[in-house]
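# the following comprises the amino acid sequence and a computationally predicted model.
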Amino acid sequence: MANPWAGEVAIEIDGERRVLKLTLGALAELEATLESGSLVDLVQRFEGGAFSGRDVLALIVAGLRGGGADVTSADLLRAEIAGGPMGAARAAAELIARAFMVPGET
């Protein structure tokens, strides 16, 4: 079960419930994967609804790796994510919001 107070988000991939978490290491890998801009730019894209499929995939992979899975983007290219692209985008947005949530905020 995902613990929102620890920044975790649950997602179902290929019928298996997985936990996403953005650790400091996962955030560093995410920033390197994006190759341009910063994490602040990524947050702004999600807040403004201007994110790309690449942004969503990079966040899901980073979250899985932060949650302990040894995966790459290539591993998810044919994966079935519950809720389809919108379900993945929703989980990615929730993940990045929880990563930067100040304790005590709701």
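Everything's here; your move. Here the structure is a predicted model, which means the values were calculated and not measured.
# regarding this protein, what is its longest helix?
helix 84-99 (DSSP state H).
# list the helices and strands the helix or strand bottoming out on mean pLDDT in the chain packs on?
None of the helices or strands of the chain scores lower by mean pLDDT, DSSP states H and E than helix 39-47, at a mean of 86. If you count contacts as 3 or more CB pairs under 8 Å, 6 or more residues apart in numbering; DSSP states H and E, helix 39-47 packs onto helix 24-34, helix 53-66, helix 84-99. For glycine as for every other residue, the C-beta is placed from the backbone atoms N, C-alpha and C.
# and the closest residue to Ala69 other than its chain neighbours, what are its bridge partners?
Of all residues not flanking Ala69 in the chain, Arg18 sits nearest, at 6.9 Å (CB to CB, 6 or more residues apart in numbering). In this entry, Arg18 is beta-bridged to Ile11, by DSSP bridges.
# circling back to that earlier point, contacts for the longest helix of the chain, please.
4, 7-11, 20-22, 27, 42-43, 46, 51, 53, 55-57, 59-60, 63, 81, 83 (CB atoms under 8 Å, 6 or more residues apart in numbering).
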